[in-house]
Structures are given as structure tokens and as C-alpha cells.
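Chemist: structure of the sequence below:
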Amino acid sequence: MSTYAISDLHGQYDIFEKLLDVIDFSENDFLYVLGDAIDRGPDGIKILQKINQLFTVAIS
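Modeler: All right, here's what the predicted structure looks like:
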């Protein structure tokens, strides 16, 4: 089990996917998305959908 924190994705879904692959993220890990996940970039909705798919707890 590992804990990760990320911020400033700015709607860059491809980068988010690569990050999850690089860290070999699993269902036993924790990921804190600290902010600026969906603004500016082209794929903010895809990032939100992926976060929703991966996690059962979200705090907004």
C-alpha cells in the first residue's frame, strides 16, 4: 500500500493516465488529488470520470 499526492493536472488526462501507470497504482493505494485537476486543459471531464471510477471516497 502506497500513498501519493498530485496537483495541477489542468485537464491533461494523458499525463494523469501515464502517472497512474508509472506508479503502478492499485486498489490498495491512496491518491490525493489536491486541486487544479480540470481547468485549462482539454480533458477535465475525463479526469473527473477516471477519479470517480477509481475511488469510492471523494471530498470536494
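
Chemist: ok, and for the helix or strand residue 53 falls within, which residues are buried?
Modeler: For residue 53, the element it lies in under DSSP states H and E is helix 44-54. By neighbour count on 16 or more other Cβ atoms under 10 Å, the buried set for helix 44-54 is 44, 46, 47, 48, 50, 51. (C-beta placed from N, C-alpha, C; glycine too.)

Chemist: so what pLDDT did the last one get?
Modeler: In the predicted model, residue 51 carries a pLDDT score of 89.

Chemist: nearest residue to it in space, please, no chain neighbours.
Modeler: Sequence neighbours aside, residue 33 is the residue nearest to residue 51 in space, at 6.2 Å (criterion: Cβ to Cβ, 6 or more residues apart in numbering).

Chemist: pop out the phi and psi values for that neighbour.
Modeler: Main-chain torsions, residue 33, degrees, to the nearest 10: phi -100, psi 110.

Chemist: who does it bridge with?
Modeler: Beta-bridge pairing for residue 33 (DSSP bridges): residue 6.

Chemist: quick check, pLDDT for the nearest residue to residue 8 once chain neighbours are set aside.
Modeler: When the adjacent residues along the chain are set aside, residue 8 lies closest to residue 36, with 4.6 Å between them (Cβ to Cβ, 6+ apart). In this model, residue 36 is scored at 92, pLDDT.

Chemist: could you report the neighbour count for residue 36?
Modeler: Using other Cβ atoms under 10 Å, residue 36 has 14 neighbouring residues.

Chemist: is it true that it touches residue 10?
Modeler: Yes. Taking contacts as Cβ atoms under 8 Å, residue 36 lies within contact range of residue 10: 5.8 Å.

Chemist: below-threshold pLDDT in the protein: ranges please.
Modeler: Residue ranges of the chain with pLDDT under 70: 56-60.

Chemist: just the CA trace of the helix holding residue 53, in CSV.
Modeler: The C-alpha coordinates for helix 44-54 follow below in CSV (Å, rounded to 0.1, in the frame of the first residue of the first chain):
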residue,chain,number,x,y,z
GLY,A,44,-11.1,17.8,-17.5
ILE,A,45,-14.3,15.7,-17.7
LYS,A,46,-12.3,12.6,-18.5
ILE,A,47,-10.1,13.2,-15.4
LEU,A,48,-13.2,13.5,-13.2
GLN,A,49,-14.7,10.3,-14.7
LYS,A,50,-11.4,8.4,-14.0
ILE,A,51,-11.3,9.7,-10.4
ASN,A,52,-14.9,8.6,-10.0
GLN,A,53,-14.1,5.2,-11.4
LEU,A,54,-11.1,4.6,-9.2
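
Chemist: cheers, nothing more for now.
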